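Enquirer: Any chance you can model this:
(one chain, ligands or ions: 2)
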Amino acid sequence: DTFVDFRHVYLAYSESADFAVEDINLQTRHGEFIAIVGPSGCGKSTFMKLATGLKPPTRGKVCVDGAPVTGPLKFVGMAFQAPTLLPWRTTLDNVLLPLEIVEPYRSNFKRDKAQYTERALALLKTVGLDGYANKYPWQLSGGMQQRASICRALIHEPKMLLLDEPFGALDAFTREELWCVLRDLWTERRFNVILVTHDLREAAFLADTIYVMSKRPGRIVARKENPLPQPRD
Ligand code: ADP
Ligand code: ADP
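Expert: Ligands and ions are numbered 1, 2, ... in the order given. You can find the predicted model right below:
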């Protein structure tokens, strides 16, 4: 039942550097939503790189979905704090982008484009962006761009969604609205989520389990099951 499995994981960015993270032990269940909180520089992004195979551990073992991670994983979707929509593409074409890049969708992109478009429009509708498919990023508010980024991260139905401070740049009202959007999507689809955030309220609102990291050394110093009842199907 374990999905992400870290066993005594260490990473140093170079031979002379100190460990950026050390002795990370963490196991998630299938469909679990975890949050990682901690000060800047504690190793949250490093953790993400290890979990997605962008960096191999210097020591220890990382498995995801039952297999050792040996290179960049394909079944992940990501969204970040800075808006990363391509400005020359419409909302719809931004959301479709992973399907143009990731196999097995890529090979049949032209043939299946109508079906993919339908899927993208349905996803945009669930986040309240119906009517914005043909607008460009500059025509959308920050919150709307972030909704579109989440759609793009989910369009290829990834097993794992990684969110690195996804709502950090938004005002408090928009942020809480997007928490609900994300929670509804997750309740319905049950992908695995790793959320990195500075915002303890955000972690408490969204996650099943919260991990707290410390700085120097970059370690997990606390693990807390969320006492709030999470929506279950
Ligand atoms: P966070 O995401 O929590 O802010 P990071 O994972 O980015 O923390 O950084 C953890 C530590 O690793 C920091 O000391 C940072 O300076 C170092 N670090 C991060 N990325 C690199 C890199 N590419 N090369 C060298 N050191 C890095
Ligand atoms: P969000 O809550 O998504 O950040 P805002 O608070 O900026 O959005 O805007 C509130 C509402 O105003 C949006 O849901 C949308 O209906 C409308 N809106 C915002 N920006 C635009 C725009 N550039 N073009 C058309 N409508 C917009």
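Enquirer: these two touch, right, E165 and A82?
Expert: No - counting by CB atoms under 8 Å, E165 does not reach A82; the two are 9.1 Å apart. Yep, even glycine has a C-beta here, placed from its N, CA and C like the rest.
Enquirer: ok, S214 - contacts?
Expert: In this structure, S214 makes contact with 38-39, 42, 221, judged by CB atoms under 8 Å, 6 or more residues apart in numbering.
Enquirer: Out of these, which are close to ligand 1?
Expert: Intersecting the contacts of S214 with the surroundings of ligand 1, defined as CB under 6 Å from any ligand atom, gives 38, 42.
Enquirer: Buried ones among the contacts of S214?
Expert: Of the members of those, the ones counted as buried by neighbours, 16 or more other CB atoms under 10 Å, are 38, 42.
Enquirer: what's the neighbour count on the residue in the chain that ligand 2 sits nearest to?
Expert: Ranked by CB to the nearest ligand atom, the top residue of the chain for proximity to ligand 2 is G143, at 2.3 Å. By other CB atoms under 10 Å, 19 other residues sit near G143.
Enquirer: Confirm it sits in a helix?
Expert: Yes - per DSSP: H, G, I helix; E, B strand; the rest coil, G143 lies within a helix segment.
Enquirer: So which residues of this structure form strands?
Expert: Listed in chain order, the strands of the chain (DSSP state E) span residues 2-12, 19-29, 33-37, 59-64, 67-68, 76-80, 160-164, 192-197, 209-214, 219-225.
Enquirer: What residues are bridge-paired with the residue nearest the centre of the chain?
Expert: What sits nearest the mean C-alpha location of the chain, by CA atoms, centre = their mean, is L162, with 1.5 Å. Using DSSP bridges, the bridge partners assigned to L162 are M78, I194.
Enquirer: Identify the residues contacting it.
Expert: Going by CB under 8 Å, 6+ apart, L162 touches 48, 51-52, 76-79, 193-194, 196.
Enquirer: Can I get these in JSON lines including distance to ligand 1?
Expert: As requested, these are exported to JSON lines (distance: CB to the nearest ligand atom, whole Å):
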{"residue": "M48", "distance to ligand 1": "8"}
{"residue": "A51", "distance to ligand 1": "12"}
{"residue": "T52", "distance to ligand 1": "13"}
{"residue": "V76", "distance to ligand 1": "17"}
{"residue": "G77", "distance to ligand 1": "19"}
{"residue": "M78", "distance to ligand 1": "14"}
{"residue": "A79", "distance to ligand 1": "15"}
{"residue": "V193", "distance to ligand 1": "17"}
{"residue": "I194", "distance to ligand 1": "12"}
{"residue": "V196", "distance to ligand 1": "7"}
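Enquirer: Just give me the closest of these to P98.
Expert: Out of the contacts of L162, the one with the shortest distance to P98 is G77. That distance is 7.2 Å, counting by CB to CB.
Enquirer: Enumerate every residue touching that closest one.
Expert: Under the criterion of CB under 8 Å, 6+ apart, the neighbours of G77 are 98, 152-156, 158, 160-162, 191.
Enquirer: L124 against V95, yeah?
Expert: Yes - with the criterion set as CB under 8 Å, L124 and V95 qualify as a contacting pair; they are 6.6 Å apart.
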